[in-house]
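Student: My questions are about this predicted structure, shown below with the sequence.
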Amino acid sequence: RLIANMSAKGAPPEDGQEEDHKVSPTEQYDFKDSAELLSNGVLASIFPVVDKISEQLEEVSRNQTELLDKLRTQGNVIESNETFQTVMETMGQVPTYLSKLVGIKKEMVAILEKSNKMKKRVEKLREKRIKQDDQLRRDKERERLIEEGLRAKVAIS
């Protein structure tokens, strides 16, 4: 329609027509009509796309609603399950057991430190005992040698 309108009202002359034909003010093209026609054409080309996108959005919204309903239903089923309740109770006790384990670990570290100190002390006492035994053997050997020396002197005189 727009092209037909243009050729009828203010379009350039076709072959064989006079080119110096002047357009009178009454023959000028009506821009208001063309703007309306142009906007109607643009809207007519956009509306199908917008309608399609709108339908797709509605479908996605329905699917999301269905999915949420299913998730809520599954959540209710899980929460009502006895095994789930047992697991939740057990999980509730985890912090208590964790603190007990931390306490036991501290005790074990303290016991390990004490046992290491005791091992060092035992080793020192063992070394001291060995030194004392060696000194005692040397002293006994010295006494034995002195006694033998005295016996030898008594026998000679």
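Tutor: Everything's here; your move.
Student: For residue 115, see how far away residue 121 is.
Tutor: 10 Å (CB to CB, to the nearest Å). Glycine gets a C-beta too; all of them are placed from N, C-alpha and C.
Student: now do residue 70
Tutor: From residue 70 to residue 115 the distance is 59 Å (CB to CB).
Student: Repeat that for residue 124.
Tutor: 15 Å.
Student: Burial check on residue 102, number of neighbours?
Tutor: 10 (other CB atoms under 10 Å).
Student: does it sit in a helix, a strand or a coil?
Tutor: Of the three states, residue 102 takes helix under DSSP: H, G, I helix; E, B strand; the rest coil.
Student: all helices of this protein, in order?
Tutor: Here the chain has its helices, by DSSP state H, at 2-9, 31-80, 82-156.
Student: Least reliable of those by average pLDDT, please.
Tutor: In terms of mean pLDDT, the lowest-scoring of the helices of the chain is helix 2-9 (a mean of 42).
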